[in-house]
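Trainee: Take a look and give me a structure for this.
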Amino acid sequence: MTSIAQPPAAEAGAESATERVNHWINGHRVASTSGRSGPVYNPATGELTRHVDFASVNEVDAAVAAAKAAFPAWRATSLSRRTEILFRIRNLVETHRREIAAFLTAEHGKVPTDAVGEVSRGLENLEFATGIPHLMKGGFSEQVSTGIDVYQIRQPLGVVAGITPFNFPAMVPMWMFGNAIACGNTFILKPSEKDPSASVYLAELLKEAGVPDGVFNVVQGDRVAVDRILEHPDIAAVSFVGSTPVARHIYETGTKNGKRVQALGGAKNHMVVLPDADIEMAADAAVSAAYGSAGERCMAISVVVAVGAVADPLVDAITARLPRIKVGPGSDPQAEMGPLITREHRDKVATYLDSGPAQGAKLVVDGRQHSLYQEGEGFFLGVSLLDRVTPEMECYRNEIFGPVMEIVRVPTYADAVEMLNANPYGNGTAIFTRDGGAARQFQFDANAGMVGINVPIPVPVAYYSFGGWKASLFGDLHMYGPEGVQFYTRAKVVTSRWPDPGTSKVDLGFPRTR
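Mentor: Alright, predicted model coming up:
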């Protein structure tokens with residue numbers, strides 16, 4: 001097991017990181033003058049550990065002004081120099097991955113193995129961004145007409161912003177800022193107010209790597225900061241990951257104000273298990289994908305669709321595995337699943353263990369029976385399993401975002417596909433089968449942005465792009481990878497001629513290529 005590290009202490013002379021989490025503007029920690037702040041808890045103990053500043057409109061404006069002032073010089077910085085800095089960022093994040101992970105354990109509640117894994121997946125995106133000289137290459141067509149060449153170049157947008165969720169406070173920012181600054185933009189991060197400390201620590205690492213002041217900024221806060229980002233005329237683009245209602249608001253408000261927006265929303269990911277599947281492998285996969293990170297993943301498997309006769313043995317195999325899952329705080333080296341982010345969210349998730357059975361589901365395993373739920377001060381809920389769920393039930397219709405797995409039983413493959421395609425979300429899905437033809441048909445049939453074949457959580461590697469369909473994505477371009485570079489740049493086409501001056505003449509006709 002990975003042992004927990006301690007979050008790094010604040011710099012000498014700075015306000016203690018265990019007491020206050022500040023903004024990062026123009027290369028420095030900046031304490032808020034708004035007079036507003038929010039609590040930050042240790043979810044494993046319920047203890048209030050620090051407060052986070054909430055930015056005022058003026059403080060957001062100061063971050064935008066710093067980013068705008070830094071943009072001309074950063075845009076003009078050579079690709080070679082940017083690449084050098086990106087490599088330094090990557091190396092510093094790798095060197096300090098345990099310290100970053102410690103913030104995630106302390107404020108999100110992830111167990112150390114999960115927290116280190118999150119940082120590692122973020123690192124993949126920084127590694128992709130180090131290839132920016134290749135990624136920014138355009139195209140060139142020689143002699144499209146006599147003496148005329150045409151070529152396309154990609155240029156940065158300017159000041160861009162990222163609004164990130166509580167469930168991945170290190171990885172999702174790295175999804176965004178790596179490509180954004182590599183492409184020549186300057187960046188403003190608005191992290192979740194529930195676990196904000198990793199964002200400022202990352203900012204310090206970026207400065208150590210040589211990122212110029214103003215290129216990367218962090219504004220802490222709530223809706224005041226978000227709304228100002230969405231309306232600020234100097235912010236060209238906004239990236240967002242969160243719930244579908246908020247994603248829709250971000251997209252509609254940002255685009256109304258003339259911004260390019262990619263807003264990733266919620267999910268209800270289905271894992272279809274066919275009768276020919278390896279039951280043991282499918283059960284291992286379902287348990288891992290449903291309960292990792294306490295189910296607080298947008299790619300978590302929340303619905304297992306058991307087709308035909310596979311249902312009873314699959315439910316038995318899943319049920320047999322649940323007592324062996326070690327639930328506990330990150331300080332316990334044996335813990336495999338930690339708490340949920342807040343007491344309010346934990347209690348909301350627990351309500352589905354009442355509403356599901358009230359509407360006809362069978363409660364096979366009740367996480368409220370776990371001792372840490374009944375007696376602990378932290379925000380724990382044990383693993384839970386609902387069988388015989390149907391699409392009409394509240395637990396199916398809503399994104400639970402917690403350690404609750406639902407089993408839906410259907411008679412045929414066609415019924416399974418019809419059900420998952422009828423769901424309003426289209427983030428990810430998976431199928432477990434030994435039949436290659438069925439798997440190929442499933443990837444053709446499934447209306448989802450990411451598909452796994454005998455892979456329960458099909459999160460793309462960094463050189464592909466992440467994103468769903470339907471109500472799981474608002475905007476045209478997915479996150480990170482090639483589409484991330486496309487999102488943070490715009491194309492410019494140049495038509496060039498270096499003629500003999502003696503051939504020049506006035507011609508009012510339509511431009512010709514022949």
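
Trainee: hey, let's count contacts and neighbours off CA atoms from now on
Mentor: Noted.

Trainee: residues contacting Cys183?
Mentor: Cys183 is in contact with Ile132, Met136, Gln155, Pro156, Val485, Tyr488, Thr489, counting by C-alpha atoms under 8 Å, 6 or more residues apart in numbering.

Trainee: what about the fifth one, distance to Arg121?
Mentor: Distance, Val485 to Arg121, using C-alpha to C-alpha, to the nearest Å: 18 Å.

Trainee: higher neighbour count, those two?
Mentor: Val485 (25 against 18; other C-alpha atoms under 10 Å).

Trainee: residue ranges of the strands in the stretch 1-150 of the chain, please?
Mentor: With DSSP state E, counting those that start in this stretch as the criterion, the stretch 1-150 of the chain has strands at 20-21, 23-25, 28-30, 37-42, 47-53, 139-145, 148-156.

Trainee: Can you tell me which of these is packed in deepest?
Mentor: Neighbour counts averaged per stretch over the strands of the stretch 1-150 of the chain are highest for strand 23-25, at a mean of 27; criterion: mean count of other C-alpha atoms under 10 Å.

Trainee: From the contact counts, what lies against it?
Mentor: The helices and strands touching strand 23-25, judged by 3 or more C-alpha pairs under 8 Å, 6 or more residues apart in numbering; DSSP states H and E, are strand 28-30, helix 57-76, helix 197-209, strand 216-218.

Trainee: right, so these: which one is the most enclosed?
Mentor: Using mean count of other C-alpha under 10 Å, strand 216-218 ranks as the most buried of the helices and strands packed on strand 23-25, with a mean of 29.

Trainee: Output the contacting helices and strands for that strand.
Mentor: Counting by 3+ C-alpha pairs under 8 Å, 6+ apart, strand 216-218 packs on strand 23-25, helix 57-76, strand 186-190, helix 197-209.

Trainee: ok, back up a step: as TSV, the strands of the stretch 1-150 of the chain with distance to Pro511 would be great.
Mentor: Output for the strands of the stretch 1-150 of the chain, formatted as TSV (distance: least, C-alpha to C-alpha, whole Å):
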stretch	distance to Pro511
strand 20-21	59
strand 23-25	49
strand 28-30	53
strand 37-42	61
strand 47-53	58
strand 139-145	10
strand 148-156	12
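
Trainee: Tell me which of the ones you listed sits nearest to Trp74.
Mentor: In terms of C-alpha to C-alpha, the element of these nearest to Trp74 is strand 148-156, at 10.1 Å.

Trainee: Out of the strands of the stretch 1-150 of the chain, flag the one nearest Gly436.
Mentor: Distance to Gly436, taken as C-alpha to C-alpha, is lowest for strand 139-145 among these, at 38.5 Å.

Trainee: Can you show me the CA trace of stretch 125-143 as PDB?
Mentor: Backbone C-alpha positions of stretch 125-143 (Å, rounded to 0.1, in the frame of the first residue of the first chain) are rendered in PDB as follows:
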ATOM      1  CA  ASN A 125      -1.500  15.100 -20.000                       C
ATOM      2  CA  LEU A 126       1.500  17.100 -19.100                       C
ATOM      3  CA  GLU A 127       3.600  14.600 -21.100                       C
ATOM      4  CA  PHE A 128       1.300  15.000 -24.100                       C
ATOM      5  CA  ALA A 129       1.700  18.800 -23.900                       C
ATOM      6  CA  THR A 130       5.500  18.600 -24.100                       C
ATOM      7  CA  GLY A 131       5.000  17.600 -27.700                       C
ATOM      8  CA  ILE A 132       3.600  21.000 -28.500                       C
ATOM      9  CA  PRO A 133       6.000  21.700 -31.400                       C
ATOM     10  CA  HIS A 134       4.600  18.700 -33.300                       C
ATOM     11  CA  LEU A 135       1.000  19.400 -32.100                       C
ATOM     12  CA  MET A 136       1.000  23.000 -33.400                       C
ATOM     13  CA  LYS A 137       2.200  22.100 -36.900                       C
ATOM     14  CA  GLY A 138       0.000  23.400 -39.600                       C
ATOM     15  CA  GLY A 139      -0.300  22.500 -43.300                       C
ATOM     16  CA  PHE A 140       1.300  23.900 -46.500                       C
ATOM     17  CA  SER A 141       0.200  23.700 -50.100                       C
ATOM     18  CA  GLU A 142       2.600  24.900 -52.700                       C
ATOM     19  CA  GLN A 143       1.700  26.400 -56.000                       C
END
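
Trainee: That one: which residues count as buried?
Mentor: For stretch 125-143, the neighbour count (16 or more other C-alpha atoms under 10 Å) marks Asn125, Leu126, Glu127, Phe128, Ala129, Thr130, Gly131, Ile132, Leu135, Met136 as buried.

Trainee: For that stretch, which outside residues touch it?
Mentor: Residues outside stretch 125-143 that contact it (C-alpha under 8 Å, 6+ apart) are 79-80, 83-84, 86-87, 89-90, 148-154, 174-175, 178-179, 182-183, 462-463, 480-482, 485.

Trainee: hmm, back to that, pipe the strands of the stretch 1-150 of the chain into CSV and attach distance to Val226 and mean pLDDT per row.
Mentor: Formatted as CSV, those follow (distance: least, C-alpha to C-alpha, whole Å; pLDDT from 0 to 100):
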stretch, distance to Val226, mean pLDDT
strand 20-21, 18, 96
strand 23-25, 14, 98
strand 28-30, 18, 97
strand 37-42, 15, 97
strand 47-53, 14, 97
strand 139-145, 37, 95
strand 148-156, 22, 97
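
Trainee: Serialize the helices and strands packed on strand 23-25 to CSV and add fields for distance to Arg36.
Mentor: Output for the helices and strands packed on strand 23-25, formatted as CSV (distance: least, C-alpha to C-alpha, whole Å):
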stretch, distance to Arg36
strand 28-30, 14
helix 57-76, 12
helix 197-209, 17
strand 216-218, 16
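
Trainee: And these: which comes nearest Ala446?
Mentor: Across these, closest to Ala446 is helix 197-209 (C-alpha to C-alpha), at 36.0 Å.

Trainee: you'd agree Gly122 is up against Pro169?
Mentor: No - the criterion here is C-alpha atoms under 8 Å, and Gly122 misses it with Pro169 at 10.2 Å.
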